[in-house]
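Student: Have a look at this fold, sequence not included:
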């Protein structure tokens, strides 16, 4: 399974980077190959200073070796070896009318000292972080997510949508990072779902990503905006950074397993503001967003 999934994410990286380059029209992804001393490595691709995308990365990695002690405690396991591969992306557009997007699809195995697989699972998802809320965009993104889920099980979308709302929650702010999407983790083989069936589901979601995001970018990338709206975008990006550095499990895993720091922190936007005790104008477009972030919405009726 690990070879099959790693081959898939390599192909998906090519597909997604081409789709993003085509819609930007100016910038291209720069590739950086890296190796991890303990085992494995990755292929980082970063886009910067485009006509549409200010900064973004679409990265794949496959790492292996002894599971660090800190992560043994986290997973509640003993001295085991591990393999982990995945694709992780974050795209920060220039225009504040275009939302930031994040996605991740990953596969994990643990081995005993004889090399036997003792646990394996899939994880991942995709979620949207707008700065100015267009409800039809939120509905479109979630409708694509639901369609991908419904190909496999009608219960998946409400379950993984709820998990996304719960996971991407800035507890220290009492607000969501964005308007959600899908989040799933520890998808292990059961009587109902084999690992092959989980593979089919996770790749279905991965294949849906461009359909979920690019129509929104196309619709919003040329809308006018002013400095006030740009400032709001940078303030909200600050909340994005807070989540990634305080709460995000993927960031923690990368740091605890001696991952490549440049690739781990690729998700951080280039221009961010933290304004002391900032509150938007009452009744404005910005306040409308905050009200939605305080209470997750069912976007697909």
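Tutor: Structure received. None of the values given here were measured: they were computed from a predicted structure.
Student: What score does the residue located most distally from the centre of the chain have for pLDDT?
Tutor: Computed with C-alpha atoms, centre = their mean, the maximum C-alpha offset from the centroid of the chain is found at residue 114, amounting to 34.0 Å. According to the prediction, residue 114 has pLDDT 86.
Student: what's it in contact with, if anything?
Tutor: Contacts of residue 114 were listed using C-beta atoms under 8 Å, 6 or more residues apart in numbering, and none were found. Where you see a C-beta, it was placed from the backbone N, CA and C, and this is true even at glycine.
Student: tell me the secondary structure for it?
Tutor: coil (DSSP: H, G, I helix; E, B strand; the rest coil).
Student: again with residue 6
Tutor: Put simply, residue 6 is helix when judged by three-state DSSP.
Student: quick one: the closest residue to it other than its chain neighbours from residue 119, how far?
Tutor: Leaving out its chain neighbours, the residue that sits closest to residue 6 by C-beta to C-beta, 6 or more residues apart in numbering is residue 85, at 4.8 Å. Applying C-beta to C-beta, to the nearest Å, the value for residue 85 to residue 119 is 15 Å.
Student: Looking at these two, which is more packed in?
Tutor: Comparing residue 85 with residue 119 by other C-beta atoms under 10 Å, the one with more neighbours is residue 85, at 24 against 15.
Student: Isn't the more buried one up against residue 4?
Tutor: No. If you go by C-beta atoms under 8 Å, residue 85 and residue 4 don't touch, sitting 10.5 Å apart.
Student: Can you work out which residues contact both of those two?
Tutor: Joint contacts of residue 85 and residue 4 (C-beta under 8 Å, 6+ apart) do not exist.
Student: so when I look at residue 44, I'm seeing a strand, right?
Tutor: Yes. Membership of residue 44 in a strand is supported by three-state DSSP.
Student: so who does residue 4 touch?
Tutor: Going by C-beta under 8 Å, 6+ apart, residue 4 touches residue 199.
Student: switch the cut-off to 10 Å
Tutor: 107, 196, 199, 203 (C-beta atoms under 10 Å, 6 or more residues apart in numbering).
Student: Kindly report the same for residue 135.
Tutor: Counting by C-beta under 10 Å, 6+ apart, residue 135 makes contact with 179, 288, 292, 297, 299.
Student: buried residues in the longest helix along the chain?
Tutor: Using DSSP state H, we find that the single longest helix of the chain is helix 195-220. Neighbour counts over helix 195-220 (16 or more other C-beta atoms under 10 Å) mark 195, 198-199, 201-206, 208-214, 216-217, 220 as buried.
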